[in-house]
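1. Quick one: sequence and predicted model below, then my questions.
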Amino acid sequence: MTVKTPMPTRSSLSGFTLLELIATISIAAVLLMLAAPSLNDFMRKQRVITSVDSLTAAIGQARSIAIATNSYVTIAPVDNQNWNKGWQVFSEGQSPDGQYVATTDKLIGQYDELPAGMGITFDSTANVAGSTASKTSLTYSPAGYTVTTGRVPQVNAYFYVYYIDTKNPARMLIINALGRARTCDPVAAPSTCDKSLTQ
């Protein structure tokens, strides 16, 4: 007895035809092109978050160590006044000058440079007439307050995290005279970035 095997029918052979494959790839390419701009925005926002988180960590570290060790702890850019190249946290003992000197200061931590396309600027104000706030570094006193390099209390210090291509601040980090830091978004919530607001 011979057994005949049935011939495979078109419906039992599954797969894609070349035409179906080309159509699917074309649709996927169009969808990918539509998603690319939002992916770019997502990456830019992530760079801002990374920059602000790193800076906030350094500020928290400096304040905590200043209080714990009863000394002055400073955050300053690694490359003189260019915060974009990274920053360092160091203990200056009882005579802060805002400059790291390896022979007299103790390096606590060093933070990497910013992600590509990001920038940081720093500004601060002194609250005592005749004193000048540092425009290049932020120093914490043993009490956890921000002070000038002459140990005079500062009113506020401001970090502006911005996109280099637009120079518009993407986030602000505001440190009050008590040394507490807060972040705000000058675009989405400009009223929260009012420098006159206290924490």
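-> Okay, I see it.

2. what's the one helix or strand residue 22 maps to packed up against?
-> Residue 22 is part of helix 18-69 when elements are defined by DSSP states H and E. With contacts defined as 3 or more C-beta pairs under 8 Å, 6 or more residues apart in numbering; DSSP states H and E, helix 18-69 has these neighbours: strand 73-79, strand 82-91, strand 106-111, strand 118-126, strand 138-140, strand 154-163, strand 169-176, strand 181-184. (Glycine included, C-beta is placed from N, CA and C.)

3. looking at these, which is buried most?
-> strand 138-140 (a mean of 27; mean count of other C-beta atoms under 10 Å).

4. Identify the residues contacting the residue nearest in space to the middle of the chain.
-> Central residue of the chain (C-alpha atoms, centre = their mean): residue 51, 1.4 Å from the mean position. By C-beta atoms under 8 Å, 6 or more residues apart in numbering, the contact list for residue 51 reads 114, 115, 118, 120, 161, 171.

5. do residue 122 as well
-> Counted by C-beta under 8 Å, 6+ apart, residue 122 has contacts 83, 135, 136, 138, 157, 158, 159, 160.

6. Quick check: which of these has the minimum pLDDT.
-> Across the contacts of residue 122, the smallest pLDDT goes to residue 135, namely 74.

7. ok so, going back, arrange the contacts of residue 122 in CSV, one row each, with distance to residue 93 as further columns.
-> Shown next, in CSV, are the contacts of residue 122 (distance: C-beta to C-beta, whole Å):
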residue, distance to residue 93
83, 24
135, 22
136, 19
138, 17
157, 21
158, 27
159, 25
160, 30
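
8. Return the member of the contacts of residue 51 nearest to residue 19.
-> residue 115 (43.9 Å; C-beta to C-beta).

9. ok now stretch 74-87, how far from the chain's centre?
-> 14 Å (C-alpha atoms, centre = their mean, to the nearest Å).

10. Show the low-confidence segments of this protein, by residue range.
-> 1-3, 5-14, 126-134, 155, 195-199 (pLDDT under 70).

11. Other residues contacting stretch 23-35?
-> Against stretch 23-35 from outside (C-beta under 8 Å, 6+ apart): residue 16.

12. same question, stretch 57-66
-> Against stretch 57-66 from outside (C-beta under 8 Å, 6+ apart): 71-75, 87, 89, 91, 108-109, 111, 138, 140-142, 144, 173, 175, 179, 181.

13. Next, give phi and psi for residue 117.
-> phi 90, psi 0 (degrees, to the nearest 10).

14. ok, and the closest non-adjacent residue to it?
-> Excluding the flanking residues, the one nearest residue 117 by C-beta to C-beta, 6 or more residues apart in numbering is residue 164, at 5.5 Å.

15. my guess is that neighbour contacts residue 114, does it?
-> No. Look at residue 164 against residue 114 with C-beta atoms under 8 Å: they stay out of range, at 9.1 Å.
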